[in-house]
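> Mind folding the following:
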Amino acid sequence: MRGRMDFAGRLKRDLVGRADARFVYLNNFEVERSWSVGEPKLPGSGIAFANATVNRMEEMGVLLAEAADVVVLKAPMDEEYDAYLHGIGAAAGHVLTADDCDPSRTVTEDALSSPELLQALRNLADGNTYLMPLGISRAEERLAQETGLPLAGPSAAVCTAVNGKIYSRGLVESTGLRAVPGEVCVTVGELPDALHRQLARGTGAVVKESLGVSGRGMIKVANDKAAARLLRLIGRRGADSPANLVVESWVAGAEDLNYQFVVGRSGVVRFETVKAAVLRNGVHQGHRFPAVLSEAHTAELTEAAQLIGKQLYADGYTGMVGVDAMLSPYGTLYPCLEINARFNMSTYQSRITERLLAPGMHGIAATINLRPSRAHTFGEVADALGDLLFDGTGRTGVLVNNFATLNAAAAEGSFHGRLYAVCLDEGPENALALRTEAELRLQKMVESA
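Residues are numbered from 1 along each chain as shown. Below is the predicted model:
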């Protein structure tokens, strides 16, 4: 990637036509929750999850900002963590924080309830400053109206339409891309036959809500007995009730891939990156990059990006796009399982890895789950990691790319905490070993507190 315009400049040029524009990054993680309001849900998919932790993922936005850019956060950063990111060259922009922070709300909702922040954002309006959300819902449209800052993307209606799995399935079929065997069920009455057809293939099936949120809203159906249980539950709604589901055959042992590209305002589609999921004993450990793919598979993904991007543009979408793909154990590539027309985790790693990943090095983007008994400072995390912490001067190390999520759900007694990190080392196995050692040290930190 070296030798060309940096990630932030490319993004601005593509989306607003000027690489020197100022972006106000608004990192409203799980914007899909807004898009899916009113959509039918699968049984069990409404289980509560840690809004407070998810909402603090917005801290990752500081990794995208250049010196002139602004990042809106729910709360101030840990001072030691802020100093760490600036010290290694991972953060450069200005931060504005909400004056009314509610852990259960997104950063956008906090901003809309913060008079001082709203005024600070209004003061930025100069004709060359744009709101750049992770994804656009009605809340982000309201914030744009309140502040006079235009959005660097399409309408919430367009974003909602193109982010459905039913949309993805239709696009795959219309463009002739290789599809996982499957079909769409608009009503509950269509589900029994669809499940029967996919289970008859002998590999199991998966049922997905069209607008399911971040891996939730899907059920794996292993056999006829499991199908009967699901049909009993969902069948109570009545055959004519809306379902809005995608039913697909399960592909066992496949490697999950995610690739990212940008659809520019002129319609030009530009490929960015591809990453591969890493599993350990069947448990997701993160994504590795660069992904090891054959020239043929790389070319197929690049061609798929062009086809998908052109259709998205025709349907009114411009912006960042992440696509989930899958490589079967037999070498068959399914280039489009799901389109996420928004920022994704790879987006937030793009600027720092472009700047800090030395040639020939490999990275593992990892999520490390912990159970602290109290809140921890970044200084404690740095001490626990010790010589593993990436310091900006060496080629290897663990770069913490979100700290706020560790303490977001802090309460009396133990709570669920989470750290995000990019582990850099020579070769994918070394990077994975670095991730493992980092997790062990952090576990000792919380256990000894």
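
> export stretch 24-34 as CSV, just CAs?
What follows is stretch 24-34, C-alpha atoms only, in CSV (Å, rounded to 0.1, in the frame of the first residue of the first chain):
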residue,chain,number,x,y,z
VAL,A,24,-16.1,14.1,11.6
TYR,A,25,-16.1,10.4,12.4
LEU,A,26,-19.2,9.1,14.1
ASN,A,27,-18.7,5.5,15.0
ASN,A,28,-22.2,4.2,15.6
PHE,A,29,-21.4,0.5,16.0
GLU,A,30,-24.3,-1.9,15.3
VAL,A,31,-26.3,0.6,13.4
GLU,A,32,-28.1,-2.5,12.1
ARG,A,33,-30.2,-2.3,15.2
SER,A,34,-31.8,0.8,13.8
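
> Relative to the host helix or strand of D324, what are the paired strands and their orientations?
Taking DSSP states H and E as the criterion, D324 maps to strand 319-327. Each strand paired with strand 319-327, and its direction, by DSSP bridges: strand 255-263 (antiparallel), strand 333-340 (antiparallel).

> Show me the one of those that comes nearest A194.
Proximity to A194 (Cβ to Cβ) singles out strand 333-340 among those, at 17.0 Å. C-betas here are computed from N, CA, C, even on glycine.

> In terms of secondary structure, what does the following helix or strand past the closest one contact?
Using DSSP H and E, the helix or strand that follows strand 333-340 in sequence is helix 345-356. Judged by 3 or more Cβ pairs under 8 Å, 6 or more residues apart in numbering; DSSP states H and E, helix 345-356 is in contact with helix 7-16, strand 255-263, strand 269-280, strand 283-289, strand 319-327, strand 362-370, strand 397-402, strand 417-425.

> Would you reformat these as TSV and include mean pLDDT, mean neighbour count and distance to S34?
Written out in TSV, the entries for the helices and strands packed on helix 345-356 read as follows (pLDDT from 0 to 100; neighbours: other Cβ atoms under 10 Å; distance: least, Cβ to Cβ, whole Å):
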stretch	mean pLDDT	mean neighbour count	distance to S34
helix 7-16	97	21	21
strand 255-263	96	22	21
strand 269-280	90	18	25
strand 283-289	79	19	25
strand 319-327	97	22	16
strand 362-370	95	21	23
strand 397-402	97	24	22
strand 417-425	96	24	22
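
> Any chance of JSON lines for the ones you listed, columns distance to L211?
Compiled in JSON lines, the helices and strands packed on helix 345-356 are given as follows (distance: least, Cβ to Cβ, whole Å):
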{"stretch": "helix 7-16", "distance to L211": "24"}
{"stretch": "strand 255-263", "distance to L211": "19"}
{"stretch": "strand 269-280", "distance to L211": "22"}
{"stretch": "strand 283-289", "distance to L211": "22"}
{"stretch": "strand 319-327", "distance to L211": "15"}
{"stretch": "strand 362-370", "distance to L211": "23"}
{"stretch": "strand 397-402", "distance to L211": "25"}
{"stretch": "strand 417-425", "distance to L211": "24"}
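
> what's the closest non-adjacent residue to the residue positioned nearest the centre of the chain?
Most central residue of the chain, judged by C-alpha distance to the mean C-alpha position with Cα atoms, centre = their mean, is N344 at 2.9 Å. Nearest residue to N344, sequence neighbours excluded (Cβ to Cβ, 6 or more residues apart in numbering): G322, at 3.8 Å.

> isn't the one you found right next to L337, touching?
No. Taking contacts as Cβ atoms under 8 Å, G322 lies outside contact range of L337: 11.4 Å.

> ok, the closest residue to Y259 other than its chain neighbours - contacts?
Using Cβ to Cβ, 6+ apart and skipping residues adjacent in sequence, the residue nearest Y259 is V274, 3.9 Å away. The contact partners of V274, taken as Cβ atoms under 8 Å, 6 or more residues apart in numbering, are 257-260, 289-291, 293, 298, 301.

> circling back: is it possible to get CSV of the strands paired with strand 319-327 that adds distance to I166?
What follows is the strands paired with strand 319-327, written out as CSV (distance: least, Cβ to Cβ, whole Å):
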stretch, distance to I166
strand 255-263, 20
strand 333-340, 11
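
> ok, M5 to A411 distance?
For M5, the distance to A411 under the criterion Cβ to Cβ, to the nearest Å works out to 45 Å.

> Out of the helices and strands packed on helix 345-356, which gets nearest to G212?
Evaluated over the helices and strands packed on helix 345-356, closeness to G212 peaks at strand 319-327, with 12.2 Å, by Cβ to Cβ.

> before we move on, back to that, send the alpha carbons of the strand holding D324 over as CSV?
Listed next in CSV are the C-alpha coordinates belonging to strand 319-327 (Å, rounded to 0.1, in the frame of the first residue of the first chain):
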residue,chain,number,x,y,z
GLY,A,319,-19.3,4.4,0.6
MET,A,320,-17.3,1.7,2.2
VAL,A,321,-18.5,-1.9,1.6
GLY,A,322,-17.4,-5.1,3.4
VAL,A,323,-18.4,-8.4,1.9
ASP,A,324,-18.4,-11.8,3.7
ALA,A,325,-17.2,-14.6,1.4
MET,A,326,-16.3,-18.2,2.0
LEU,A,327,-13.8,-20.7,0.6
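
> what about it, distance to the chain center?
Distance, stretch centre to chain centre, for strand 319-327: 10 Å (Cα atoms, centre = their mean, to the nearest Å).

> same check, this time on stretch 152-160
Using Cα atoms, centre = their mean, the distance from the centre of stretch 152-160 to the centre of the chain it belongs to is 17 Å.

> List the buried residues in it.
Buried residues in stretch 152-160, counting neighbours by 16 or more other Cβ atoms under 10 Å, are found at 152-154, 156, 158-160.

> before we move on, what about stretch 239-248?
Counting neighbours by 16+ other Cβ under 10 Å, one finds that the buried residues in stretch 239-248 are 243-248.

> What's the end-to-end length of stretch 245-261?
26 Å (Cα to Cα, to the nearest Å).

> what does stretch 350-369 give?
End to end - Cα to Cα - stretch 350-369 spans 23 Å.

> centre of the chain versus that stretch, how much separation?
Here stretch 350-369 shows a centroid-to-chain-centroid distance of 16 Å under the convention Cα atoms, centre = their mean.

> Great, nothing more from me.
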